[in-house]
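Chemist: Task: produce atomic coordinates for the following.
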Amino acid sequence: MVSSISEITPLRTEELITELSTGIDDLSGVEGKTTTTVALDFGRITIDQNLVLYLFGTPGQDRFWFLWDELARGALGAVVIADTRRLENSFAAIDFFERRGLSFAVAVNCFDNAPVYTTEEVRDALDLDAHIPVVLCDARDRSSCKTVLMTLVEHLIARATSSVA
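Modeler: Numbering: from 1, shown residues only. A predicted model of the protein is given here:
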């Protein structure tokens, strides 16, 4: 997602999966996967001169949670990217943001040949509150990623407005 939407050349830490990941990375449901993010991706989007979004993409495995703590500090919001081939892997990220009171949206990444569900089916499967945005997307497509980020920003504005009122 970061590399699809960033206005700058993103910093990427994508590497080929090798035999070293055997027993470390669970590839069930994504057996054809050939690369993995080994640290984080970083990018940026300038909305206007007063609003710049810094984008950090991190892997979901628990060995990267120390990064999540650092990146969540000062963050206004987050996007949980859900893969319907392994939807259960989204629970840890959702729990992380809920425990910290950090607003988030869920982007359901629509992969080729992956099970297709409606946003409501995903909301129910992930047991999400009605106020949490769930958006279908293709993380490889700039326009789709833009929709996800705009949904998150609108959610943040709505939450800020309602807490002031």
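Chemist: ok, Arg12 - how many residues close by?
Modeler: Here the number of neighbours of Arg12 (other C-beta atoms under 10 Å) works out to 18. For the C-beta atoms, the positions are set from N, CA and C on the backbone; glycine is no exception.
Chemist: ok, it to Val134 distance?
Modeler: Going from Arg12 to Val134 by C-beta to C-beta, to the nearest Å gives 27 Å.
Chemist: and if you look at Pro10?
Modeler: Taking C-beta to C-beta as the measure, Pro10 and Val134 are separated by 25 Å.
Chemist: More neighbours: which of those two?
Modeler: Set Pro10 next to Val134 and count neighbours by other C-beta under 10 Å: Val134 wins out with 21 against 18.
Chemist: Now that one: closest residue in space that isn't a chain neighbour?
Modeler: Across the structure, with C-beta to C-beta, 6 or more residues apart in numbering as the measure, the residue nearest Val134 apart from its sequence neighbours is Thr119 (4.2 Å).
Chemist: Now do the contacts for the one you found.
Modeler: 108, 134-136 (C-beta atoms under 8 Å, 6 or more residues apart in numbering).
Chemist: count of neighbours near the closest residue in space to Arg44 that isn't next to it in sequence?
Modeler: Here the nearest residue to Arg44 in space, its sequence neighbours aside, is Ile8; by C-beta to C-beta, 6+ apart that works out to 5.2 Å. For Ile8, the number of neighbouring residues by other C-beta under 10 Å comes to 11.
Chemist: And what about Ile8, helix, strand or coil?
Modeler: Under DSSP: H, G, I helix; E, B strand; the rest coil, the three-state class of Ile8 is coil.
Chemist: how close does it sit to Phe56?
Modeler: Between Ile8 and Phe56 the distance is 13 Å, computed by C-beta to C-beta.
Chemist: cool, and Ser163?
Modeler: Ser163 sits 25 Å away from Phe56, going by C-beta to C-beta.
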